[in-house]
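**Q** generate coordinates for the sequence data below:
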Amino acid sequence: MNEIDEIKDYWLKKYPNVLVSLWTNQDKNRYFGLMMSADKTIDLDAGTLGDLISQGEAFLRQVN
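**A** This next block holds a predicted model:
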């Protein structure tokens with residue numbers, strides 16, 4: 001299991017009502033994602049894994 005899968009699994013366990021999809025573009029060293037709750041959606045676009053986590057956690061704080 002890679003880091004992206006670990007982050008996704010953690011978020012899905014902690015926030016089961018949120019849809020989480022994460023992926024990387026290894027050629028450009030970018031991380032992307034989509035997170036959806038019942039009334040909010042966010043597209044994630046980050047240059048580092050830490051930035052991806054930061055964006056995701058900020059979204060999750062809004063829905064909880």
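**Q** grab the nearest non-local neighbour of D39.
**A** V63 (7.9 Å; CB to CB, 6 or more residues apart in numbering). Where you see a C-beta, it was placed from the backbone N, CA and C, and this is true even at glycine.
**Q** residue contacts, that neighbour?
**A** Contacts for V63 (CB atoms under 8 Å, 6 or more residues apart in numbering) come out as Y15, N17, V18, S37, D39, K40.
**Q** tell me where the protein has helices.
**A** For the chain, applying DSSP state H gives helices covering 3-14, 49-63.
**Q** and of those helices, who's closest to T24?
**A** helix 3-14 (6.1 Å; CB to CB).
**Q** what are the buried residues along the closest one?
**A** For helix 3-14, burial by neighbour count (16 or more other CB atoms under 10 Å) applies to I4, I7, K8, W11.
**Q** do the same with stretch 50-63
**A** L52, I53, Q55, G56, F59, L60.
**Q** about what we covered before: mind checking how far the residue nearest to D39 is from Q55?
**A** According to CB to CB, to the nearest Å, V63 and Q55 sit 13 Å apart.
**Q** do the same with D43
**A** Distance from D43 to Q55, by CB to CB: 9 Å.
**Q** who does the closest residue to L22 other than its chain neighbours form a beta bridge with?
**A** Nearest-residue entry for L22: G33, 4.2 Å, with adjacent residues in sequence omitted and distances by CB to CB, 6+ apart. Counting by DSSP bridges, G33 forms beta bridges with L22, L44.
**Q** what pLDDT does G33 get?
**A** Looking at G33, its pLDDT stands at 97.
**Q** center of this structure - which residue?
**A** G56 (4.6 Å; CA atoms, centre = their mean).
**Q** so, low pLDDT: which residues of this structure?
**A** 64 (pLDDT under 70).
**Q** from Y10, how far off is the residue lying farthest from the centre of it?
**A** Distance from the C-alpha centroid of the chain peaks at D27, with 19.5 Å (CA atoms, centre = their mean). According to CB to CB, D27 and Y10 sit 26 Å apart.
**Q** again, but for A38
**A** Counting by CB to CB, the gap from A38 to Y10 is 21 Å.
**Q** over to N25?
**A** Distance of N25 to Y10, given as CB to CB: 22 Å.
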